[in-house]
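A.B. asks: Attaching a predicted model along with its sequence, questions to come.
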Amino acid sequence: MILHKEKGVNPRMTFCPRCGGDGPDIALLGNRDSVITCPFCNAANYGAFRSSDCGSCGQLLSNGESRKIEEHERIPGSLCKTCEEEVENFKKEVEKGGIYWKCRCGATGVVKGGTELAVKVREESGIAVGPVGVEFEKCPRCENLNAD
């Protein structure tokens, strides 16, 4: 790690990339104090250099928009304990025949195995065992966010 000339190891608090809550990590950035937005997929690459590849799509970041990470800005880290447990529970439910779902608004979840929707999705996809899912255009979260 190359130290930052004023901030040394440049420690940063993190947030959970799934829920936005407090993350369990402390990141040491050193002199890597920029965020570069990938010009191809719009992913934010924290601690990247222009000569780096995007962590999401692998394209070179040389033409991406860059900014300095702000003084007390938290950066993405690992999942929080609550999200880690929820993801594990989702996985167990899918192993029992459930299906993953996601919505365009960003909400995610699992439909329990044996329900009409889960059975139909598994039949139509031809995936009897293993991960499979659906995407919704609207979900209860969307409707609550847009309620007057």
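C.D. replies: Sure thing, it's come through.

A.B. asks: Identify all contacting residues around stretch 53-73.
C.D. replies: Residues from elsewhere that reach stretch 53-73 (C-beta atoms under 8 Å, 6 or more residues apart in numbering): 12, 29, 33-41, 43, 45-52, 75. Heads up, the C-betas are built off the backbone N, CA and C, glycines and all.

A.B. asks: mind redoing it with 10 Å?
C.D. replies: 7, 10, 12-13, 15, 29, 32-52, 75 (C-beta atoms under 10 Å, 6 or more residues apart in numbering).

A.B. asks: Those residues in strands, which ones?
C.D. replies: Secondary structure from DSSP state E places 12, 13, 15, 34, 35, 36, 37, 44, 45, 46, 75 of the contacts of stretch 53-73 in strands.

A.B. asks: quick one: contacts for the residue nearest to residue 112 when sequence neighbours are not counted?
C.D. replies: In this structure, residue 112 finds its nearest non-sequential neighbour in residue 98, 5.0 Å apart by C-beta to C-beta, 6 or more residues apart in numbering. Residues counted as contacts of residue 98 (C-beta under 10 Å, 6+ apart) are 90-92, 109-115, 117-118, 121-122, 131-133.

A.B. asks: So residue 98 versus residue 110, what's the distance?
C.D. replies: 5 Å (C-beta to C-beta, to the nearest Å).

A.B. asks: Mutual contacts of the two, please.
C.D. replies: Joint contacts of residue 98 and residue 110 (C-beta under 10 Å, 6+ apart) are 90, 91, 92, 118, 133.

A.B. asks: Could you pick out the buried ones from those?
C.D. replies: Neighbour-count burial (16 or more other C-beta atoms under 10 Å) applied to these gives 90, 118, 133.
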